[in-house]
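**Student:** Kindly generate the corresponding structure for this input.
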Amino acid sequence: MNLSLLNIYETGFYNLGFDMCHFDVRKENEKVVKFHQRFGAKIVDEDSDNFYFEIYKKHYEAIKPKYKRYLP
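**Tutor:** Residues are numbered from 1 along each chain as shown. Predicted structure coming up:
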C-alpha cells in the first residue's frame, strides 16, 4: 500500500476541496499503472510514453474503506 497516495487524496479531496485528481504514469511502469487502476483511476488519454489518469472523489470514497486502517 502506498500511504503517500492516500495522504495525497485525503489532502486534495478533503482539505483543498478538489473533486478530481489527474496525473500521468509512464507506460513502462506497469506495476504503478496496475496499482492506480485497482485503486479506481481511469486512463483518459495516452501518448507514446504516458498514460493520463483521472480519479474522482466519489471513486476514491468507494475504495477508501478498504484502506481505512492505513489512515490516521
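**Student:** Which residue ranges of this structure form helices?
**Tutor:** 3-10, 30-38, 57-67 (DSSP state H).
**Student:** in the shortest one, what's buried?
**Tutor:** The one in question is helix 3-10. Leu5, Leu6, Tyr9 (16 or more other Cβ atoms under 10 Å). Every C-beta, even on glycine, is put in place using the N, C-alpha and C of the backbone.
**Student:** can you list those in TSV and add distance to Phe23?
**Tutor:** TSV is the format used below for the buried residues of helix 3-10 (distance: Cβ to Cβ, whole Å):
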residue	distance to Phe23
Leu5	10
Leu6	14
Tyr9	11
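**Student:** Looking at these, which is nearest Gln37?
**Tutor:** Proximity of the buried residues of helix 3-10 to Gln37 (Cβ to Cβ) peaks at Leu5, which lies at 13.0 Å.
**Student:** Who's the closest spatial neighbour of the closest one, skipping the chain neighbours?
**Tutor:** Phe39 (7.4 Å; Cβ to Cβ, 6 or more residues apart in numbering).
**Student:** For the residue of the chain positioned farthest from its centre, give its distance to Arg26.
**Tutor:** Using Cα atoms, centre = their mean, the residue of the chain lying farthest from its centre is Ser48. It sits 21.2 Å away. Distance, Ser48 to Arg26, using Cβ to Cβ, to the nearest Å: 11 Å.
**Student:** again, but for Phe51
**Tutor:** Counting by Cβ to Cβ, the gap from Phe51 to Arg26 is 8 Å.
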